[in-house]
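Enquirer: Got a predicted structure plus its sequence, pasted below:
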Amino acid sequence: MARTAALLIENHGKCSLSACDTDESLRSLLQVNEGHQKETSRMSLKDEVQDKYRLVAVIVFILGLGTLLPWNFFITAIPYFQSRLTTEKALDRISELDYSNTSLANNTSDKALHSGDDFQFNNWMTLLAQLPLLLCTFLNSFLYQCVPEKVRIAGSMVAILFLFTITAVLVKVEMSPQTFFDVTMSTIWFINAFCAILQGSLFGLLTLLPQTYSSLFLSGQGMAGTFAALAMLLSMSSGADHRTTALGYFVTPCIGTFISIMCYLMLPRLDFAKFHFSKSGSNSAKNYELDTKAELLQQEVNLEAAEQKQAMHKVKEAEVLTGEGAQKVSMCAVLRKIWIMAVTIVLTFGVTLSVFPAITAAVQSGTTDENWGRFFNPVCCFLIFNVMDWAGRSLTSYTLWPGPDCKFLPLIVAVRFIFVPAFMLCNISGKSYLPIVFGNDAWFVIFMIFFSFTNGYFVSLSMCLAPKKVLPHECEATGAIMTFFLALGLSVGAGLSFLFKALL
Ligand SMILES: O=c1[nH]cnc2c1ncn2[C@@H]1O[C@H](CO)[C@@H](O)[C@H]1O
């Protein structure tokens with residue numbers, strides 16, 4: 001009984017309800033219960049298995065971190081990839097030249113080096129990292145029925161470890177730039193495809209744990225970028241040569257992924273995880289409602305009699321309004337309720353990925369200090385982005401301004417589009433059309449702080465507010481829909497990055 005009560009409270013905690021007319025009654029019902037939730041939680045916790053030493057929490061955080069290691073380790077290493085492609089491309093060009101004309105040779109070599117991105121590496125990398133996410137979000141929704149969760153999760157992590165090992169080994173292998181580009185792009189595609197399956201499967205698994213564990217997972221994801229930026233800074237400051245630095249850097253995610261695999265394998269051995277995973281993961285709408293109603297009648301908590309009556313009255317009212325509890329979840333109905341959040345997340349990630357990292361990674365320091373010049377990119381672009389992105393995500397634990405009923409959220413988020421021209425007018429060499437207006441490093445740092453903080457805040461805000469717009473039994477569908485729009489936003493942004501790069 002306590003277990004069912006805990007489930008009820010947990011689900012109520014997870015999803016408050018929308019202002020939709022038909023949902024109003026259930027919403028009031030939950031409000032009636034709200035006052036009793038803390039008390040009930042305390043009671044149920046006594047009976048429930050505890051997360052000893054917060055081990056499950058730590059593991060969930062590490063798993064979150066593990067899922068975004070591939071994306072972050074690849075984008076933070078853009079200068080390494082470019083240096084391999086650009087320099088060798090430049091050398092190729094020089095070797096094709098008639099060396100009797102030295103000035104032509106110099107000019108062309110200069111142009112090749114300064115065009116910086118003949119392969120448009122940043123753009124292709126962003127697109128090939130995000131497209132598999134979109135495709136695999138679909139694929140995973142079929143795959144989850146025929147491939148067991150353990151195989152999907154452990155298998156993806158082993159594949160990611162293998163692909164990271166290849167990337168690390170390639171650091172020491174000489175090959176033509178075109179081959180290096182092709183191999184790297186294939187690695188990026190496959191590593192992100194596995195990462196998408198991993199992410200989707202872990203999100204599914206997390207629905208069986210209390211909601212705080214989903215926040216921890218997201219927090220871990222936010223930390224992955226900082227981890228990559230710090231690994232880059234540490235390997236750069238080791239003073240080793242270029243290639244050894246890159247090797248040290250790529251060995252880090254191999255270790256990180258290995259630790260993730262160990263953590264995942266440990267999870268089913270922990271009582272707290274065992275307890276929650278043994279609960280039925282597929283709580284259908286009907287079951288949920290039956291549970292809810294049964295609990296209202298039977299739960300062994302101190303609901304005052306009058307309020308209990310009121311609660312039951314509301315349930316009956318809701319039954320009449322919603323056409324009884326056995327209703328199916330309609331994706332269209334859910335989408336109608338959460339479209340504002342869906343548009344918000346597409347706009348947020350669309351703007352972010354259209355310039356980050358494709359354009360922001362190309363910005364150089366305006367100073368002549370060589371040392372600062374080397375560290376400018378990892379610090380001002382990647383470290384600041386990831387720390388502030390994480391800070392923005394964390395702020396949603398304290399405030400959810402402007403709230404679930406705000407109709408103007410997409411408009412507020414659209415204002416972020418201003419960052420696109422702002423970054424395009426920063427100090428990027430080899431521009432064809434645009435001048436450098438914000439040449440000072442301080443401008444770039446200021447833009448980056450606001451850009452990343454608002455990215456983290458609005459992404460997390462839309463993900464947190466969406467479940468508040470729907471009925472409890474629609475939460476799972478809401479999660480799936482929002483994950484799809486998250487991936488769509490990332491892919492749209494990655495596509496737009498080609499356009500903005502061409503306009504530079
Ligand atoms: O696969 C993903 N899932 C969720 N968020 C992602 C993924 N890939 C990138 N980002 C998000 O994109 C922004 C720029 O790096 C960051 O906010 C990062 O968390």
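Expert: Everything's here; your move. Fair warning: this is a prediction, and the values are worked out from it, not measured in the lab.
Enquirer: Only C-alpha atoms from now on, for both contacts and neighbour counts.
Expert: Fine.
Enquirer: What lies in contact with the helix or strand hosting Val56?
Expert: For Val56, the element it lies in under DSSP states H and E is helix 55-67. If you take Cα atoms under 8 Å, 6 or more residues apart in numbering as the criterion, helix 55-67 is touched by 51, 195, 198-199, 213, 216-224, 256-257, 260, 263-264, 267, 270, 272-273.
Enquirer: mind redoing it with 7 Å?
Expert: Here helix 55-67 makes contact (Cα atoms under 7 Å, 6 or more residues apart in numbering) with 195, 198-199, 213, 216-221, 223-224, 256-257, 260, 263, 267, 273.
Enquirer: again with stretch 165-173
Expert: The contact list for stretch 165-173 (Cα under 7 Å, 6+ apart) reads Arg243, Ala246, Leu247, Phe250, Val251, Cys254.
Enquirer: out of the residues you listed, who's nearest Val351?
Expert: Here the nearest of the contacts of stretch 165-173 to Val351, counting by Cα to Cα, is Phe250; it sits at 28.5 Å.
Enquirer: for that closest one, what are its contacts?
Expert: Contact analysis of Phe250 by Cα under 7 Å, 6+ apart lists Ala168.
Enquirer: Pull out the buried residues from the helix or strand containing it.
Expert: Secondary structure from DSSP H and E places Phe250 in helix 242-266. For helix 242-266, burial by neighbour count (16 or more other Cα atoms under 10 Å) applies to 244-254, 256-261, 263-264.
Enquirer: how near is the residue nearest the centre of the chain to Trp71?
Expert: The chain has Gln221 as the residue nearest its centroid, 6.1 Å off, counting by Cα atoms, centre = their mean. From Gln221 across to Trp71, the span is 11 Å (Cα to Cα, to the nearest Å).
Enquirer: repeat for Gly479
Expert: 22 Å.
Enquirer: what does Phe385 give?
Expert: For Phe385 relative to Trp71 (Cα to Cα), the value is 14 Å.
Enquirer: try Leu335
Expert: 29 Å.
Enquirer: so where's this structure uncertain?
Expert: Residue ranges of the chain with pLDDT under 70: 1-48, 87-117, 141, 279-327.
Enquirer: and the angle for the longest helix seen in it with helix 55-67?
Expert: Assignment by DSSP state H gives helix 177-206 as the longest helix of the chain. Orientation check (axes from the mean of the first three to the mean of the last three Cα atoms, to 10 degrees): helix 177-206 against helix 55-67 gives 150 degrees.
Enquirer: Sort out which residues of helix 177-206 are buried, please.
Expert: For helix 177-206, burial by neighbour count (16+ other Cα under 10 Å) applies to 177, 180-181, 184-206.
Enquirer: same deal with stretch 431-446?
Expert: Neighbour-count burial for stretch 431-446, counted by 16+ other Cα under 10 Å, picks out Lys431, Phe438, Gly439, Asp441, Trp443, Phe444, Val445.
Enquirer: Let me see the ranges of the helices in the stretch 101-250 of the chain.
Expert: Ranges of helices within the stretch 101-250 of the chain are 102-115, 121-146, 149-170, 177-206, 211-237, 242-266, based on DSSP state H, counting those that start in this stretch.
Enquirer: Looking at those helices, spot the one closest to Ala342.
Expert: helix 121-146 (14.6 Å).
Enquirer: What angle do helix 149-170 and the closest one make with each other?
Expert: 160 degrees.
Enquirer: helices and strands around helix 121-146, which ones?
Expert: Secondary-structure packing of helix 121-146 (3 or more Cα pairs under 7 Å, 6 or more residues apart in numbering; DSSP states H and E): helix 177-206, helix 475-502.
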